[in-house]
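Undergrad: Based on what follows, work out the 3D shape:
(chains A and B)
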Amino acid sequence: MQNPDASYNLPDDRGHFGKFGGIFVAETLIPALEELRLAYEAAKADPEFRAEFEYELKHYVGRPSPIYHAKRWSNTLGGAQIYLKREDLNHTGAHKVNNCIGQALLARRMGKPRVIAETGAGQHGVATATVAARYGMECVVYMGSEDVKRQAANVYRMKLLGAKVVPVESGSKTLKDALNEAMRDWVTNVADTFYIIGTVAGPHPYPMMVRDFQSVIGAECLTQMPELAGRQPDAVIACVGGGSNAMGIFYDYIPEKGVKLIGVEAAGHGIESGKHAASLTAGVPGVLHGNRTYLLQDKNGQIIETHSVSAGLDYPGVGPEHAWLKDSGRAEYVTITDDEALKAFHDLCHTEGIIPALESSHALAYAAKLAPTLAKDKLLLVNLSGRGDKDMHTVAEKSGIQF
Amino acid sequence: MSRIQTTFAKLSQQGRKALIPFITAGDPEPGLTVGLMQALVAGGADVIELGVPFSDPMADGPTIQRASERALAYGVSLHIVLGMVKEFRKKDAATPVVLMGYANPIEAYGAEAFAKDAQAAGVDGVLVVDYPPEECVEFARILKANSLDPIFLLAPTSSDARFAEVAEMGSGYIYYVSLKGVTGAGHLDLDAVTQRIPAIREKVRMPVGVGFGIRDGGAAARIATVADAVVIGSRIIEEIENSPRAEVAARVTAFLRSVREAMDQGVKL
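TA: Residues are numbered from 1 along each chain as shown, chains lettered A, B, ... in the order given. Next comes the predicted model:
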């Protein structure tokens, strides 16, 4: 949970990454965020808390997750060697659980018996429901009613785990509206409720805290890459919706100036079509969900609806630290369309026997684009942030197959 | 003296409390807003809070969310809202208008340009729900430089230190959020509110308004015994939602008048 680069110590004490981040919430939540900030600071400094977090990651999640050299796929592509950080092998099938465990342990430490969460596709909802069951907490998950319809299996999964799933009918009835509704619940039940935000967005301290809990991904890679490949990679590639898996793998590489950091946003049907979710590439800075960051909005400052084949990337904002990394030039952000992501999805299935999540397929697709332009001794590390079992329906539908 | 100060000073001389209704600009349709503002004044409004619609109104309950959605369906932007205030000002030079909304439409407009245009349109104060004082230093300065009052919220969860901080940065009046929750919530605890106000008054030398969850004359009258102003929003929006278009203005006036009368009669012990 520590970045070795002393010169990189963002955010500041009010949660700013340069001009991004901050605390943009109604007054009622200010004391709750202050309480959370202080509790997190104390927990972070407490060896017992860290030991428990690490114990849970090892024995419950199954960390460290391996890095796998995708040799056959690399050879097919004919260029740089691609390595996959296997977050898909975690318990619950994605990186999301790392953060949920951290926040649930913090909730328990703060004496909050009830946790709430927002979810889009349902992955963060499932991870939250999982840890709530694990620690015996009451759990309510807010999910846009459109998403509830599209993701019936995950809704059932959350219910199996004992969570209550509340369909959200307001606005566009998707992830951003679920987040609004979770905030409304939190403001109403602030005394006994802990809001587990699933990504590196929201008001301070969330972007910092979620990054810290997810930074185990990059920290492991920093040790694993030299062991497996003899050196650090030339580039680290990760998909970016809200940006938690990318921040998690990027963070410890920020001081490693020789390593390129590449975030891949969802271009949906193409940036020019307007149907995409590429906030950093096509958005402008504004304020939403408690922080200042790049947003997809119209000229009047209204948030616009996004599109991606991958529900986990379908969000009109992005974590403020990514906004900062973009403006500072330390990271580069590119886009991949639905079709390109689907092709990478199928290619990985066929050549490596790994079914990736559609989110992660965006990162894979960019690696597949980049690899042939590079020499065979170049190394690309891709964060395979989740497995694709949840996407069976979507992919089958795209191929004209019905179950 | 600003229009807001003048209004509160006059009420104070009369021994009366301010009634501040909230409506969302453009709800139920843009053509009705100026008429509704006049209807509010006819019903006894002392200050009007005019909501600027936003796609993601995080602090609002379902009623005001629906109002926002109806207005956005007509494409009501901040530019259009300022036009409505300008129109209202042609016939009413006295009633203060406070814009209430979220940060992003203002940032998209540009803070400086917005403050200048709002002042020119006849706006008196601005309350940005998701701009707490710590993120609002520059914006509050810009508002004040354009003779606009930055209005801040205080909540049941706010510390005493916070009261002083908000008192320092805000002007016009303070908006005390009466409950932990969103606008229009149904769990208002009048005793808790009346107990909290004196502590605020100690730190804040500005009129104190109370809002969130106030639904009728009885509650308004109780609040008015301790606060300087009563804010009513969701209940008025419900009146707008439930009235035939032709009767909206008359019904809003009638509802507000009933609240005004209850407040002026005071609480009978």
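Undergrad: Tell me how far residue B:193 lies from residue B:184.
TA: Separation of residue B:193 from residue B:184 (Cβ to Cβ, to the nearest Å): 16 Å. From N, CA and C alone the C-beta is placed, and that goes for glycine too.
Undergrad: neighbour count winner among those two?
TA: A side-by-side neighbour count of residue B:193 and residue B:184, using other Cβ atoms under 10 Å in any protein chain shown, places residue B:193 first with 23 against 20.
Undergrad: looking at this, that one is in a helix?
TA: Yes: using DSSP: H, G, I helix; E, B strand; the rest coil, the secondary structure at residue B:193 is a helix.
Undergrad: Report the contact partners of it.
TA: B:176, B:178, B:210, B:223, B:226, B:227 (Cβ atoms under 8 Å, 6 or more residues apart in numbering or on different chains).
Undergrad: Now do the same for the residue of the stretch 1-150 of chain B found nearest chain A: its pLDDT.
TA: Per Cβ to the nearest Cβ, residue B:108 is where the stretch 1-150 of chain B lies closest to chain A, at 3.0 Å. With respect to pLDDT, residue B:108 scores 98.
Undergrad: what lines up beside the lengthiest strand in chain B in the sheet?
TA: As assigned by DSSP state E, the longest strand anywhere in chain B is strand B:18-24. If you go by DSSP bridges, strand B:18-24 pairs up with strand B:48-51 (parallel), strand B:229-232 (parallel).
Undergrad: Mind putting those strands into CSV with mean neighbour count and mean pLDDT?
TA: Listed next are the strands paired with strand B:18-24 as CSV, based on neighbours: other Cβ atoms under 10 Å in any protein chain shown; pLDDT from 0 to 100:
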stretch, mean neighbour count, mean pLDDT
strand B:48-51, 26, 98
strand B:229-232, 26, 97
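Undergrad: between the ones you listed, which gets nearest to residue A:169?
TA: Residue A:169 lies closest to strand B:48-51 among the strands paired with strand B:18-24, at 20.2 Å (Cβ to Cβ).
Undergrad: next structured bit after that closest one?
TA: helix B:62-73 (DSSP states H and E).
Undergrad: And that next one, what does it pack against?
TA: Applying 3 or more Cβ pairs under 8 Å, 6 or more residues apart in numbering or on different chains; DSSP states H and E, one finds that helix B:62-73 contacts strand B:18-24, strand B:48-51, helix B:234-242.
Undergrad: Any idea how many residues pack against residue A:327?
TA: 16.
Undergrad: Check the spacing between the closest residue in space to it that isn't next to it in sequence and chain B real quick.
TA: Excluding the flanking residues, the one nearest residue A:327 by Cβ to Cβ, 6 or more residues apart in numbering or on different chains is residue A:18, at 6.6 Å. From residue A:18 across to chain B, the span is 14 Å (Cβ to the nearest Cβ, to the nearest Å).
Undergrad: again, but for residue A:125
TA: For residue A:125 relative to chain B (Cβ to the nearest Cβ), the value is 19 Å.
Undergrad: So that residue, which state does it fall into?
TA: Per three-state DSSP, residue A:125 ends up helix.
Undergrad: Wait, it touches residue A:116, no?
TA: No: taking Cβ atoms under 8 Å as the definition, residue A:125 is not a contact partner of residue A:116, at 10.3 Å.
Undergrad: Which neighbours do the two have in common?
TA: Joint contacts of residue A:125 and residue A:116 (Cβ under 8 Å, 6+ apart) are residue A:141.
Undergrad: who's in contact with the one residue in the stretch 101-250 of chain A that gets nearest to chain B?
TA: Closest contact between the stretch 101-250 of chain A and chain B, by Cβ to the nearest Cβ, is at residue A:188 (4.1 Å). By Cβ under 8 Å, 6+ apart, the contact set of residue A:188 is B:180, B:181, B:182, B:185.
Undergrad: Among these, which ones lie close to chain A?
TA: Intersecting the contacts of residue A:188 with the contacts of chain A gives B:180, B:181, B:182, B:185 (criterion: Cβ under 8 Å from any Cβ of the partner chain).
Undergrad: Mind putting these into TSV with secondary structure, neighbour count and pLDDT?
TA: Shown next, in TSV, are these (DSSP: H, G, I helix; E, B strand; the rest coil; neighbours: other Cβ atoms under 10 Å in any protein chain shown; pLDDT from 0 to 100):
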residue	secondary structure	neighbour count	pLDDT
B:180	coil	22	86
B:181	coil	24	87
B:182	coil	28	87
B:185	coil	17	83
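Undergrad: measure residue A:275 to residue A:171 for me?
TA: Using Cβ to Cβ, we find residue A:275 at a distance of 18 Å from residue A:171.
Undergrad: could you list every residue that touches the residue nearest to residue A:358 when sequence neighbours are not counted?
TA: Spatially, and ignoring its direct neighbours in sequence, residue A:358 is nearest to residue A:310 (3.7 Å; Cβ to Cβ, 6+ apart). By Cβ under 8 Å, 6+ apart, residue A:310 lies in contact with A:121, A:239, A:241, A:266, A:341, A:357, A:358, A:359, A:361, A:362, A:391.
Undergrad: where does the chain have low pLDDT?
TA: No chain in the question, so chain A it is. Along chain A, the model assigns pLDDT under 70 to residues A:1-7.
Undergrad: ah, no, chain B please
TA: Checking chain B against pLDDT under 70 turns up B:267-269.
Undergrad: mind listing the helices for it?
TA: B:3-14, B:33-42, B:62-73, B:78-91, B:103-109, B:111-121, B:137-145, B:160-169, B:190-203, B:217-224, B:234-242, B:248-265 (DSSP state H).
Undergrad: Counting neighbours, which bits of the last one end up buried?
TA: Going back to what we said before, that points to helix B:248-265. For helix B:248-265, burial by neighbour count (16 or more other Cβ atoms under 10 Å in any protein chain shown) applies to B:248, B:249, B:251, B:252, B:253, B:255, B:256, B:259, B:260, B:262, B:263, B:264.
Undergrad: what does the first one give?
TA: Within helix B:3-14, the residues that qualify as buried are B:3, B:4, B:5, B:7, B:8, B:11, counting by 16+ other Cβ under 10 Å.
Undergrad: and these as TSV, adding distance to chain A?
TA: As requested, the buried residues of helix B:3-14 are exported to TSV (distance: Cβ to the nearest Cβ, whole Å):
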residue	distance to chain A
B:3	25
B:4	20
B:5	23
B:7	24
B:8	21
B:11	25
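Undergrad: Format the residues you listed as JSON lines; extra columns: distance to residue B:148.
TA: JSON lines is the format used below for those (distance: Cβ to Cβ, whole Å):
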{"residue": "B:3", "distance to residue B:148": "11"}
{"residue": "B:4", "distance to residue B:148": "10"}
{"residue": "B:5", "distance to residue B:148": "13"}
{"residue": "B:7", "distance to residue B:148": "15"}
{"residue": "B:8", "distance to residue B:148": "16"}
{"residue": "B:11", "distance to residue B:148": "21"}
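Undergrad: Export the strands paired with strand B:18-24 as CSV, with columns for distance to residue A:367.
TA: Output for these, formatted as CSV (distance: least, Cβ to Cβ, whole Å):
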stretch, distance to residue A:367
strand B:48-51, 47
strand B:229-232, 55
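Undergrad: Quick one: closest of those to residue A:152.
TA: Smallest distance to residue A:152 across those (Cβ to Cβ): 36.4 Å, for strand B:48-51.
Undergrad: Can you tell me the closest non-neighbouring residue to residue A:104?
TA: That would be residue A:131: by Cβ to Cβ, 6+ apart, it lies 4.2 Å from residue A:104.
Undergrad: Near chain B, which residues of the stretch 51-200 of chain A are found?
TA: A:170, A:171, A:176, A:177, A:180, A:183, A:184, A:187, A:188, A:189, A:190, A:191.
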